[in-house]
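> Have a look at this fold, sequence not included:
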């Protein structure tokens, strides 16, 4: 769901879908959103008993400062990142940041951001190679399976 000021009201009315009918809501922002707005949105969603999953966090430069990802997680947000950016080149700043977030255990979900099989196909191979080489097996199981099961069961991670 691309966040607008109407999102919470529409969620309450059932006009927008949550993930698998759970309290988890996949939220996307415009790339230039201020950090204070993300904080406010997360607080408001959590107060309404939703569990916001912030989509494509690698796209929001404001999250790369200090411990902002940790701060939002402490407020009740969950973090989703795209495979494609993890499998990038070591000299790419975004790839390095994504890998750092994974090594620190700050990411809860991975996604392909695939829209079709030609222009935005599900490219996961390079990222999976890096993940299996650098991350703990238990964390990998959480990323690939257990956290998704929590959504299906409507349970907190």
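Now that the structure is in, tell me what you want to look at. A quick note: this is a predicted structure, and the numbers were derived from the prediction, not measured.
> quick one, what contacts the spatially most central residue of the chain?
Note on the chain: the residue nearest the mean C-alpha position is residue 80, at 1.6 Å, using CA atoms, centre = their mean. Listed by CB atoms under 8 Å, 6 or more residues apart in numbering, the contact partners of residue 80 are 26, 53, 54, 55, 56, 57, 107, 108, 109, 110, 111. Heads up, the C-betas are built off the backbone N, CA and C, glycines and all.
> Out of these, which two sit at the greatest distance?
The largest separation in the contacts of residue 80, counting by CB to CB, is between 26 and 107 at 14.2 Å.
> more neighbours, the two?
residue 107 (24 against 18; other CB atoms under 10 Å).
> Next up, identify which helix or strand the more buried one is on.
For residue 107, there is no helix or strand it lies in under DSSP states H and E.
> That one reaches residue 82, doesn't it?
No. Counting by CB atoms under 8 Å, residue 107 does not reach residue 82; the two are 10.4 Å apart.
> Mind listing the residues bridging to the residue nearest to the centre of the chain?
residue 109 (DSSP bridges).
> Thanks again, I'm all set now.
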